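> Here is my input; please provide its structure:
(one chain, ligands or ions: 1)
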Amino acid sequence: MTAHAEPAVLVAHANAVAWITLNRPQAMNAINDDLRAQLPAALRAADADPAVRVIVISGAGERAFCAGADIKGFAEAPSPAQFRQKRLQGHWTEAFDDAKKPVIASIHGYCLGGGLEMALACDLRVAGEGVEMGLPEVGLGIIPGAGGTVRLPRAIGMSRAKDLILTGRRVGAAEAHAMGLVSRVAPAGALREAALEVAGLVARNAPVSIRQAKRAVDGGLHLDLDQALAHENAMYQDCLKTRDRVEALRAFAEKRKPIFTGE
Ligand code: CO8
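Sure thing, here's the model as predicted:
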């Protein structure tokens, strides 16, 4: 990042939510080196912050969540040194996989290529009515190479994933919702409220339960049935040790809302 450049990522905190904004609106929040470096750092910081229970990722400006990799820099094949440097940065979506807290993508406008791969690395996707989502990589002489071919079939099934990956076509909000690519669609102008509502519904629950439920789902997905059930049980056992579990039972008996501390 140059000395006076705008940060590529902005972070705001409200209640238990860390709201991360991709901040390159002039380039439709396309992923350049600054964003590739700053986004994982912001995500890891929010994940480590004890005051944060849920993380939301959104895009600045009216037009896009993220239009994918910054393809203005794609034309030249990289030198060996550049290639090595890129490989070091290549696993930037790992920060999403490492996140213990739920990450929600709040998606408006264009969500293409690496932008959709980023959204797929989130736990939940909420879309505004005007979205256009797709993986155009095959039309650019590459394939979705930041997790798209891996995460999309896991999210929406093989047939629908191949439809999107092999055609490169874009889908709007209604189709994205029907195929399970997003779990909610918000009316135009109400996306932020919808994403915050989902974040709030998650954040009101016991933090250890949220973490363990996420680990149970993600960790169990690749295991056979017996192993997955054993994994689930291990995640469950960890919840039994918490004060929040006792607090929930006490609150029920006392006909009040539980106050969870994450212990
Ligand atoms: N990269 C850089 N700049 C972009 C990008 C992009 N991906 N998308 C849009 N912009 C810029 C435009 O260049 C333009 O800038 P300027 O005004 O300075 O010329 C501005 O945003 C507005 O764009 P348009 O004028 O093109 O607006 P339109 O409404 O005509 O079109 C589109 C909007 C449809 C979004 C169009 O801009 C477009 O097709 N963009 C490219 C989308 C694309 O192909 N994305 C996929 C890239 S491949 C990818 O993401 C692979 C992932 C690899 C991950 C890498 C991990 C290491």
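> touching the ligand at all, stretch 133-142?
Yes: using C-beta under 6 Å from any ligand atom, stretch 133-142 reaches the ligand at 136-137, 140. (Glycine included, C-beta is placed from N, CA and C.)
> Redo these as JSON lines? Include pLDDT and distance to residue 101.
Below are those laid out as JSON lines (pLDDT from 0 to 100; distance: C-beta to C-beta, whole Å):
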{"residue": "136", "pLDDT": "97", "distance to residue 101": "31"}
{"residue": "137", "pLDDT": "96", "distance to residue 101": "29"}
{"residue": "140", "pLDDT": "94", "distance to residue 101": "33"}
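> mind listing which of those are in helices?
Among the residues of stretch 133-142 next to the ligand, no residue falls in helices (DSSP state H).
> Mark which of those residues are buried, thanks.
Burial by neighbour count, 16 or more other C-beta atoms under 10 Å: within these this picks out 136-137.
> and residue 239, what pLDDT?
Residue 239 carries a pLDDT score of 97 in this model.
> Restricted to strands, list the residues of stretch 133-142 next to the ligand.
Per DSSP state E, strands hold no members of those.
> Make a markdown table out of the residues of stretch 133-142 next to the ligand and add distance to residue 12.
Formatted as a markdown table, these follow (distance: C-beta to C-beta, whole Å):
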| residue | distance to residue 12 |
| --- | --- |
| 136 | 31 |
| 137 | 32 |
| 140 | 33 |
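> Pick the one among the residues of stretch 133-142 next to the ligand closest to residue 151.
residue 137 (13.8 Å; C-beta to C-beta).
> Distance of that closest one relative to residue 22?
19 Å (C-beta to C-beta, to the nearest Å).
> Do you have the helices of the chain handy? List them.
33-48, 80-89, 94-98, 114-120, 148-156, 158-167, 173-178, 191-203, 207-220, 225-240, 243-253.
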